[in-house]
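Undergrad: here's my sequence, what's the structure:
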Amino acid sequence: SVVDSAGASILTATNNGRVGVASTTPSTQLGVVGSGYFSNAIGVGGVNTTAGTISIVDSGLPALNFTDSADSGDLGNINFQGGSGTVRSTINGRNDLTSGGTIGFLTGGGTKMIVTQSSAVGIGTTTPQFLLQLSTTTKPQLALTDSSALGTNWVFRNAGGLFALATSTNTIFTSATSSV
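TA: Numbering: from 1, shown residues only. Prediction:
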């Protein structure tokens with residue numbers, strides 16, 4: 001073992017081939033107590049030399065697990081940050097007691113899209129009631145675009161409670177009642 005001037009363990013190598021950093025009883029091949037810093041790349045199961053990346057390689061099913069030992073609320077985030085450290089967008093895993101597990105996509109300070117445990121996708125809503133639900137206070141619509149036809153659009157939307165169908169030339173066809 002290597003100890004500091006106060007006698008605390010800095011590095012321990014056990015007789016079963018395990019190494020502990022700030023630990024005298026590592027439970028795995030490498031046990032680290034405290035924080036770590038890597039200046040380049042991390043490779044798990046394979047060599048990785050691409051700076052700023054983590055590479056996980058396995059012939060089976062490689063996984064990156066985020067575990068909240070309390071199993072409540074937010075289970076984990078993948079944050080995308082600018083150079084100043086400001087979080088610009090997030091993919092959030094959540095365990096909700098009422099709706100089960102969800103995956104949320106957050107940007108601009110709020111949830112923009114959510115996928116629920118029951119496979120419902122909500123865009124503009126965090127509580128989708130249908131397989132796909134779009135919700136917004138400005139132009140709730142779905143556009144189908146034929147990119148081979150000079151960007152021609154067909155737009156389906158809720159126009160004041162009426163079903164509206166429009167083309168990219170803004171020719172609108174609406175139903176007389178909302179029961180159509």
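
Undergrad: got any ranges where the protein has weak pLDDT?
TA: 72, 96-100, 139-140, 149-151, 168-180 (pLDDT under 70).

Undergrad: one more pass at 50, please.
TA: 170-171, 174-180 (pLDDT under 50).

Undergrad: in it, which residue is most central in space?
TA: Against the mean C-alpha coordinate of the chain, by Cα atoms, centre = their mean, the closest residue is I91 at 2.2 Å.

Undergrad: how about that residue: what's its closest non-neighbour residue?
TA: I78 (4.5 Å; Cβ to Cβ, 6 or more residues apart in numbering). For glycine as for every other residue, the C-beta is placed from the backbone atoms N, C-alpha and C.

Undergrad: what's the answer for A63, then?
TA: I56 (7.4 Å).

Undergrad: bridged to the one you found, which residues?
TA: V44 (DSSP bridges).

Undergrad: so who does it touch?
TA: V44, G45, P62, A63, L64 (Cβ atoms under 8 Å, 6 or more residues apart in numbering).

Undergrad: distance of it relative to G45?
TA: 6 Å (Cβ to Cβ, to the nearest Å).

Undergrad: what touches both of the two?
TA: With Cβ under 8 Å, 6+ apart as the test, I56 and G45 both reach P62.

Undergrad: returning to that earlier point: tell me which two in the contacts of I56 are the farthest apart.
TA: Maximum pairwise distance among those (Cβ to Cβ): 11.8 Å, between G45 and L64.

Undergrad: and the two? Which one has more around it.
TA: Using other Cβ atoms under 10 Å, the more surrounded residue of G45 and L64 is G45, with 12 against 9.

Undergrad: tell me the spacing between the nearest residue to the more buried one once chain neighbours are set aside and A63.
TA: Computed as Cβ to Cβ, 6+ apart, the closest residue to G45 that is not its neighbour in sequence is V57, at 4.1 Å. The gap separating V57 from A63 is 12 Å, by Cβ to Cβ.

Undergrad: same check, this time on I42
TA: Where A63 is concerned, I42 sits at a distance of 15 Å (Cβ to Cβ).

Undergrad: cool, and G160?
TA: From G160 to A63 the distance is 48 Å (Cβ to Cβ).

Undergrad: cool, S1 as well?
TA: From S1 to A63 the distance is 34 Å (Cβ to Cβ).

Undergrad: quick one, which of the two is more surrounded?
TA: Neighbour tally, S1 and A63, criterion other Cβ under 10 Å: the higher count belongs to S1, 10 against 7.
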